[in-house]
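J.: Predicted structure and sequence below. I'll ask about it afterward.
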Amino acid sequence: MAVHELNAEGLNCPLPILKAKKTIKGMASGDTLNIRSTDPGSVADFAAFCTHTGNELVSSSQDGDVYKFEIKKA
């Protein structure tokens, strides 16, 4: 299983979600995607994204102005 990285810092909604969706599409089931975002709305966006797509939001955290997410592809 591979780990993929996506730096979406400086991007505003809906770009972090769109970039994540495109990256996840090319990943294998069980792979994880680590995302960094500076958009405060991305916290709710990624939670909703995972609910709607069936992917697992493994973790969500904040480090200063940076929001970090780990998503496991279903």
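T.: Yes, it's here.

J.: The protein: helices as residue ranges?
T.: When assigned using DSSP state H, the helices of the chain occupy the ranges 15-25, 42-53.

J.: angle of the shortest one against helix 42-53?
T.: Right, helix 15-25. Regarding helix 15-25 and helix 42-53, their directions subtend 40 degrees when assessed with axes from the mean of the first three to the mean of the last three Cα atoms, to 10 degrees.

J.: buried set for helix 15-25?
T.: Of the residues in helix 15-25, those with enough neighbours to count as buried (16 or more other Cβ atoms under 10 Å) are 16-17, 19-20, 23-24. Just so you know, the C-beta spots here come from the backbone N, C-alpha and C atoms, and that holds for glycine as well.

J.: of those, closest to Thr32?
T.: Using Cβ to Cβ, Ile24 comes nearest to Thr32 of the buried residues of helix 15-25, at 9.9 Å.

J.: Mean pLDDT and distance to Leu33 added to the helices of the chain, as TSV?
T.: As requested, the helices of the chain are exported to TSV (pLDDT from 0 to 100; distance: least, Cβ to Cβ, whole Å):
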stretch	mean pLDDT	distance to Leu33
helix 15-25	97	6
helix 42-53	97	10
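
J.: Any chance of those helices in TSV with distance to Ala8 as columns?
T.: Written out in TSV, the entries for these read as follows (distance: least, Cβ to Cβ, whole Å):
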stretch	distance to Ala8
helix 15-25	4
helix 42-53	7
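
J.: Out of these, the one nearest Glu5 is which?
T.: Glu5 lies closest to helix 15-25 among the helices of the chain, at 9.0 Å (Cβ to Cβ).

J.: Can you tell me who the closest residue to Pro16 other than its chain neighbours pairs with across the strands?
T.: Of all residues beyond its chain neighbours, the one nearest Pro16 is Ala8 (3.8 Å), with distances taken as Cβ to Cβ, 6 or more residues apart in numbering. Applying DSSP bridges to Ala8 yields these beta-bridge partners: Ser37.
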